[in-house]
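> have a look; sequence and predicted model below, questions after that.
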Protein chains: 2
Amino acid sequence: MSTVLSLHQTLILPRIARALKPSSFSPSSSLRLLRPTSHPFPSPAAARASTIATHDDVDDAAPPAATHPSVIDVNPPRGTRDFLPDDMRLRNWLFQHFREVSRLLSFEEVDFPVLESEALFIRKAGEEITQQLYNFEDKGGRRVVLRPEITPSLARVVIKQGKSVSLPLKWFTIGQCWRYERMTRGRRREHYQWNMDILGVSRVRAEAELIHALVILFERLGITSVDVGIRISSRKVLQAVLQTYSIPEHLFTEVFVIVDKLGKFTREEIEKELVSVGVPLDAVKGLVEVLSFKSLARLEDVLGPNVEAVADLKQLFSMAEHYGYSQWIQFDASVVRGLAYYTGIVFEAFDKEGKLRAICGGGRYDRLLSTFGTDDIPACGFGFGDAVIMELLKEKGLVPDLIRQVDDIVFPLDVELEGPASKIVASLRQKGRSVDLVEDKRLKWVFKHAERINAGRLILVGNSEWQRGMVRVKILSTREEYEIKVDELD
Amino acid sequence: MSTVLSLHQTLILPRIARALKPSSFSPSSSLRLLRPTSHPFPSPAAARASTIATHDDVDDAAPPAATHPSVIDVNPPRGTRDFLPDDMRLRNWLFQHFREVSRLLSFEEVDFPVLESEALFIRKAGEEITQQLYNFEDKGGRRVVLRPEITPSLARVVIKQGKSVSLPLKWFTIGQCWRYERMTRGRRREHYQWNMDILGVSRVRAEAELIHALVILFERLGITSVDVGIRISSRKVLQAVLQTYSIPEHLFTEVFVIVDKLGKFTREEIEKELVSVGVPLDAVKGLVEVLSFKSLARLEDVLGPNVEAVADLKQLFSMAEHYGYSQWIQFDASVVRGLAYYTGIVFEAFDKEGKLRAICGGGRYDRLLSTFGTDDIPACGFGFGDAVIMELLKEKGLVPDLIRQVDDIVFPLDVELEGPASKIVASLRQKGRSVDLVEDKRLKWVFKHAERINAGRLILVGNSEWQRGMVRVKILSTREEYEIKVDELD
């Protein structure tokens, strides 16, 4: 106790005051040299503007020039994004649409860790996605990965549930996915992906439902079938061709992954690669021929009506009639999708102007579970990234103008009125209103601030009004101004 | 073309049919040996039940026993969680409260990458959080980390914005944070954290606002000040004591981090550690004495009324009166908080029964930015995890019973009616109703399913009704049943 009492006597107050005074904000001149925040959804126009260098251009960018000796790198890790308020509102708006469409189809939301065991994603088919794993060894010597896709985690959870799983299962997720690749313009290392999956339905109904979800989403975003189409085929189409030529089954997946690159590489390169994995030249020619089909009737002519590939596709197109979304879909044998595990119908949405990569894609993957050592469950699903759709919405002028919205600003005109102002703020928030409390500013600043944050009302707590139990209210859209009793404020 | 035409002739249809037929679901017996899904928010009771071994108990658990030779490990990586639908509904419910409270205080949502540069989190104060970095070297040789906390990312973004930053800035995030530590019961390697931060306000008003947010949240969750309190102190209290004894300033942070461990270690251990970093024994005794203070008046007696520590705290308690949340807060000099960068008022919420760790914590960190090499901005904020609050809500019986909700189930009684059923489904979804389309099941199954998913109506598409343009509707809560024209269904 005597120790404590001595503290008071020995206290050097000015020293404390100096040490604790927070310095006011005045950014160093070096900050001006740092690059501006780039928009997390880059417009295609910006992506094409090759004369403008951005942080994303160079794989190993030098740290930003700065005169300050020890300033940290203010950019997020290569290929990742910060979401500032404007970007975040847009992201929430998009995700809200994903959630609402999922609700309309009575899907349930689930989530899995962004960090998964590497083993879950090791496949030998040479897919781009497995070649770009963002993988590590953790401190416990475990091989882990920032997940490149969500479906294997879903499979893991379904296997874990075992007999307790209740089929059919209709789940959706909205989660971050990662890939480690050389950065190019407009290509990031992480993105968000909306996944919808149906497990336990072997009929084409599952595909028809998933495509219904896509169509509802597009319509809700203001996109029409003039802007966007959904190409549909089936892995069984090429499978039938391969079987015709007695190509061994173990080659099928490898062939699909090669054939999927047809847009990126020339026909000659693809043919060469097919031959190199062991497909005879006549089979290669047959494959490439069939891939060019854009008509289901043509396919039927060639494969016959009783082939499962044809029957599935015809059923899907018939269902589309009933749902009323026929105008959105088209048969296109060149759709294969790059993932190894698809087994049946595959589909992808694309912009009809042909400027962008696929908007989303999916298909049936009935045999994924057995690759993990358990019995299969029929399954299909899609992944829908946040990047291409935002590019498209920008192209079409469909990105909404989402501004910050605040109901009230409460501003005490005098230091003595800060107490009453707090009370008013608490009472308004109790009533569900979003309230910004501003102090220690000039009235001119407050008006500018109100405009910037799109406030509904300005509530001024002034001395003369307060003495009469009143405050002054200004409706900012109409400039209407009035006094009101504090109790009547709501 | 000739190649293609030959395909039809050589096609071996039965073989295709066999190869493509999806196998039906029959989980292997090995699955029964796998451990059941554990709830991602373990109840304290479960956490204390030490006789029940769970996957989380052992640091290097053997893979689950399975007779299937190559079954993958169905558990997520150690210390992480899967969110199945029930858990996800609960998580969304909690996050929705975080968002709503943030809205009431007119905060804007932002987000930063979960993967950050390690350099952002390297501090020398020996905090637990920096000793448990989940860090890696990526393929490009960069040191990266799954962020253990969000504040340094916020600082990075504010520094990046430089002069364009508009102060005061009021931002919130809800994001995943990671730590790599030996797993113990109830302690995971990842959790979600709600952060609210105010930058650009040096007055205690910022702290008062943040504490208002906490109180509003607790009230909305049904928690009262009988259950939960908020302890408040200031780093300036101990700072004043250390200055009295002329302890050099560079030791302050280290002292705070040691003193923060007072609950975990004995007083003797803490004293020993303080001496070992160079604090003289009389200063140690003075510190420990002051840490026991639970009364602001007592502190004022000892430090004097003009010390900034006392003035700040008195102002905060006076503001709390005006907001109307005085009953929630109490002065407690032992609150220091474990993060190195706090400079002023610190606070934490705790359950009054003393069973749980701190529910959340925060404080003022006016000098964080200069540690990154730029000029400071006054700042304060808090982090609020999803784990302890869920434990508390369970203890108090305040976890809501959130069940799946679906508006309609549409069920065609005949294969021929699947087309009309699709049309009805599309039309109902167009009207905003969530609709589950069920086929190929027995009516008994459909009724059970309707109960399980809590459907509002069952819409039966039967032959005799359909021929008259009608469907049969069953309201599942009342068992009421009627026929209605398809066009009148809404």
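Good, I have the coordinates. On a predicted model such as this, the values are computed, not experimentally measured, just so you know. Residues are numbered from 1 along each chain as shown, chains lettered A, B, ... in the order given.
> and the helices in the stretch 101-250 of chain A?
Along the stretch 101-250 of chain A, the stretches classed as helices by DSSP state H, counting those that start in this stretch are A:128-131, A:151-161, A:205-220, A:235-244.
> Three-state assignment for the residue lying closest to residue A:188 once chain neighbours are set aside, please.
Nearest non-adjacent residue to residue A:188, counting by CB to CB, 6 or more residues apart in numbering or on different chains: residue A:79, 4.7 Å away. C-beta here means a position set from N, CA and C on the backbone, and glycine is covered the same way. Here residue A:79 is coil, with the state taken from DSSP: H, G, I helix; E, B strand; the rest coil.
> rank the helices of the stretch 101-250 of chain A by pLDDT, which is bottom?
When the helices of the stretch 101-250 of chain A are ranked by mean pLDDT, helix A:128-131 comes last with a mean of 90.
> tell me the centre residue of chain A?
The structure's chain A has its C-alpha centroid closest to residue A:192; by CA atoms, centre = their mean the separation is 2.7 Å.
> identify the bridge partners of it.
Taking DSSP bridges as the rule, residue A:192 bridges to residue A:176.
> quick one on the thing from earlier: now tabulate the helices of the stretch 101-250 of chain A in TSV and tack on distance to residue A:168 and mean neighbour count.
As requested, the helices of the stretch 101-250 of chain A are exported to TSV (distance: least, CB to CB, whole Å; neighbours: other CB atoms under 10 Å in any protein chain shown):
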stretch	distance to residue A:168	mean neighbour count
helix A:128-131	26	15
helix A:151-161	12	23
helix A:205-220	8	22
helix A:235-244	22	24
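> thinking again about what came up before, would you mind measuring from the residue nearest to the centre of chain A to residue A:222?
With distances taken as CB to CB, to the nearest Å, residue A:192 is found 20 Å from residue A:222.
> likewise residue A:305?
For residue A:305, the distance to residue A:222 equals 39 Å [CB to CB].
> settle it for me: which of the two has more neighbours?
Applying other CB atoms under 10 Å in any protein chain shown to residue A:305 and residue A:222 shows that residue A:222 carries more neighbours, namely 13 against 10.
> please name the residues that touch residue A:178.
A:114, A:134, A:146, A:147, A:148, A:189, A:190, B:115 (CB atoms under 8 Å, 6 or more residues apart in numbering or on different chains).
> tell me how far it lies from residue A:129.
When distance is defined by CB to CB, residue A:178 is 11 Å away from residue A:129.
> show me whatever sits in contact with both of the two.
Residues touching both residue A:178 and residue A:129 by CB under 8 Å, 6+ apart: residue A:148.
> tell me the residue of the stretch 201-350 of chain A that sits nearest chain B?
Residue nearest to chain B within the stretch 201-350 of chain A: residue A:322 (3.8 Å; CB to the nearest CB).
> quick one: that residue is in a strand?
No: checked against three-state DSSP, residue A:322 lies outside a strand; its state is helix.
> next one: stretch A:358-371 to chain centre, how far?
Distance of stretch A:358-371 from its chain centroid, counting by CA atoms, centre = their mean, to the nearest Å, is 19 Å.
> got the CA positions of that stretch in PDB?
Extracted in PDB, the C-alpha atoms of stretch A:358-371 (Å, rounded to 0.1, in the frame of the first residue of the first chain):
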ATOM      1  CA  ALA A 358     -17.200 -19.200 -69.500                       C
ATOM      2  CA  ILE A 359     -19.500 -17.600 -66.900                       C
ATOM      3  CA  CYS A 360     -20.000 -20.800 -65.000                       C
ATOM      4  CA  GLY A 361     -20.000 -24.500 -65.600                       C
ATOM      5  CA  GLY A 362     -21.000 -27.800 -64.200                       C
ATOM      6  CA  GLY A 363     -22.300 -31.300 -64.900                       C
ATOM      7  CA  ARG A 364     -22.900 -34.800 -63.600                       C
ATOM      8  CA  TYR A 365     -20.200 -36.500 -61.600                       C
ATOM      9  CA  ASP A 366     -21.700 -39.900 -60.600                       C
ATOM     10  CA  ARG A 367     -18.400 -41.600 -59.900                       C
ATOM     11  CA  LEU A 368     -16.500 -39.100 -57.800                       C
ATOM     12  CA  LEU A 369     -17.100 -40.800 -54.500                       C
ATOM     13  CA  SER A 370     -15.600 -44.100 -55.600                       C
ATOM     14  CA  THR A 371     -12.300 -42.400 -56.400                       C
END
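> just list what the helix or strand hosting residue A:255 packs against, helices and strands only.
Assigned by DSSP states H and E, residue A:255 belongs to helix A:252-259. Here helix A:252-259 touches helix A:235-244, helix A:267-276, helix A:281-291, going by 3 or more CB pairs under 8 Å, 6 or more residues apart in numbering or on different chains; DSSP states H and E.
> got the angle between it and helix A:281-291?
With axes from the mean of the first three to the mean of the last three CA atoms, to 10 degrees defining the directions, helix A:252-259 sits at 60 degrees from helix A:281-291.
> alright, calling it a day.
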